[in-house]
Structures are given as structure tokens and as C-alpha cells.
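In: Fold the following.
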Amino acid sequence: MSTQRNLWPYAIIATFVLFASYIGYMVQQAMRTEVELVSPDYYKQELAYQQRMESVARTAALPAPVQVRYEAAAQRLTLELPAALAGPGVRGQVHFFRPSDQKLDFVLPFVPTGQPARQLLSTARLRPGHWRLRLDFTAGGQAYFMEEKLSI
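Out: Numbers count the residues shown, from 1 in each chain. As a prediction, this is how the structure comes out:
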């Protein structure tokens, strides 16, 4: 008399064990992954969204755009305002934002001089890769904002 063993219960148990092991591994990998917020004060920035949109619209409505020119050979970035905004009261900030690494972000003052109003910035400290340049400034009591993508 030959007794034949049924392997289906073992196969079902092995499938459940493998599935549970896979889920455990994926949970472990998810817990180890470091998640950085784009900005530590994200919620505060979200509240100022409407004001930012008004600044963007005001910048887009300028008779000429704000010029951003990158010269790789000279490692120089030129920011030039349209003639309508030229004046001594223009002040602001230039924020260099690296989407892939928050630790590389930095801010410089924006104080254009001359006619036309322009500021030259050295790009020697920028690591190669993708950057976002955010220019936030006031001129004539009005706020302006623009964002430009750069590849260094």
C-alpha cells in the first residue's frame, strides 16, 4: 500500500512565508530610506503662496524679461533687470536651490548696480548638475519673483 503525500499545504505555507518575508524586506527598505523635505519651513511657505503668485504675475507683465545668462567658460552668472526696474531701491535675494541635495542650497543678496541694472555672480562654488535659481526682489515698492532652471 503506497501512501502518497499531498504537497499542496506545504506549497501554500511556503508561498505565505515568502510573501511575508518580501513585505518585511520592503518595509525595512522603506524605513531606511531618508526622506528630506524640499524646505524645512514648507508649511509657512505654502501660506505665502498667493503673494508669490502675484509677484510672479507682476514679473511676467514686465515690458522685458529679467535676463539670466550663464557663461560656463568664465564661471559667471549675469542677472539683468529690464530698464523699467532700474533704480537705486532694488534689493532682494538670489536663492540657489539644488533639488537633489538640500545641503548645497544657499542664498546671496541681490543688489544690482549700473545702467542697465545687473549683478554678476561667480558660479565657481556650484557643483555640476541641475540647479534652480530663484530671484526674489523689490523695486519701487512692488515685489517681484522669478525662477530659472540652470545646468552647470
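
In: Strands of the protein, start to end?
Out: 67-71, 76-80, 91-97, 106-110, 118-122, 130-139, 142-151 (DSSP state E).

In: quick one, which of those strands is nearest to Val56?
Out: Closest of those to Val56 is strand 142-151, at 5.3 Å (criterion: Cβ to Cβ). Backbone N, C-alpha and C define where each C-beta goes, glycine included.

In: Show me what the closest one is packed up against.
Out: In terms of contacts (3 or more Cβ pairs under 8 Å, 6 or more residues apart in numbering; DSSP states H and E), strand 142-151 is packed against helix 49-60, strand 67-71, strand 130-139.

In: for these, which one sits closest to Arg91?
Out: Of all those, it is strand 130-139 that lies closest to Arg91, at 6.1 Å by Cβ to Cβ.

In: Partner strands of the closest one, with direction?
Out: Strand pairing for strand 130-139, determined by DSSP bridges: strand 91-97 (antiparallel), strand 142-151 (antiparallel).

In: residues in contact with the last one?
Out: For strand 142-151, the external contacting residues (Cβ atoms under 8 Å, 6 or more residues apart in numbering) are 51-52, 54-56, 58-59, 62, 66, 68, 70, 77, 85, 92, 129-138.

In: Would you mind measuring from Gly141 to Gly89?
Out: According to Cβ to Cβ, to the nearest Å, Gly141 stands 8 Å off from Gly89.

In: who has more neighbours, the two?
Out: Counted by other Cβ atoms under 10 Å, Gly141 and Gly89 do not tie: Gly89 has more neighbours, with 9 against 6.

In: Show the pLDDT at the more buried one.
Out: Looking at Gly89, its pLDDT reads 79.
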